[in-house]
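Colleague: what follows is a predicted protein model with its sequence.
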Amino acid sequence: QVQLVESGGGLVQAGGSLRLSCVVSGRTFSSYAMGWFRQAPGKEREFVATISWSGAYTYYPDPVKGRFTISRDNAKNTAYLQMNSLKPDDTAVYYCAAGISTSTTPSDYAYWGQGTQVTVSS
C-alpha cells in the first residue's frame, strides 16, 4: 500500500511563495517518478511538474516554467514543489502523484495524495 501525504498549502498574496511537500510511504520511494498536478473549481486536473526517480530529469508546462521547481529527497521519501511569484490563477488544490515514469498525463500515475489547497489573493 503506497500512501502520499501533501502539506504546505495555504493562503498567500500574489507575488509570494510556498513550498509544498509530499511524503511517500509503503514502497521504495526512489523507484517512482513523481508528479504534481492541480485542480481549480470547475476545471480539469492540470499538470504542473514531474521529476524522474533520480531527480535528473524535470519538466514543466509553460504556465509555471521559471516560477515552480520540483525536487526530491530520496533519503526522506519526500518530493517538493517550490512555488515562487505566485499568481491568483495558481489558486487550486494541488496533488502529488507517484508513477513508473515521468508523464504529463494524470492516468499514468498509480498513486495520489489527498491534495492541499493553495489560495493566492490579489
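Modeller: Great, that's in hand.
Colleague: only C-alpha atoms from now on, for both contacts and neighbour counts.
Modeller: Fine.
Colleague: and the contacts of stretch 108-122?
Modeller: With contact meaning Cα atoms under 8 Å, 6 or more residues apart in numbering, stretch 108-122 is reached by 2-14, 22, 35, 86-100, 103.
Colleague: now Ala98: which helix or strand?
Modeller: Ala98 is located in strand 92-99, with elements delineated by DSSP states H and E.
Colleague: can you give the distance of that strand from its chain's centre?
Modeller: The chain centre lies 5 Å from the centre of strand 92-99; the measure is Cα atoms, centre = their mean, to the nearest Å.
Colleague: show me what it packs onto, helices and strands only.
Modeller: Judged by 3 or more Cα pairs under 8 Å, 6 or more residues apart in numbering; DSSP states H and E, strand 92-99 is in contact with strand 3-7, strand 33-39, strand 109-112, strand 116-121.
Colleague: try 6 Å
Modeller: Secondary-structure packing of strand 92-99 (3 or more Cα pairs under 6 Å, 6 or more residues apart in numbering; DSSP states H and E): strand 33-39, strand 109-112, strand 116-121.
Colleague: mind checking how far the spatially most central residue of the chain is from Ser107?
Modeller: Nearest to the geometric centre of the chain sits Trp36, at 2.6 Å (Cα atoms, centre = their mean). Computed as Cα to Cα, to the nearest Å, the Trp36 to Ser107 distance reads 13 Å.
Colleague: just Thr50 next, same as before
Modeller: Separation of Thr50 from Ser107 (Cα to Cα): 14 Å.
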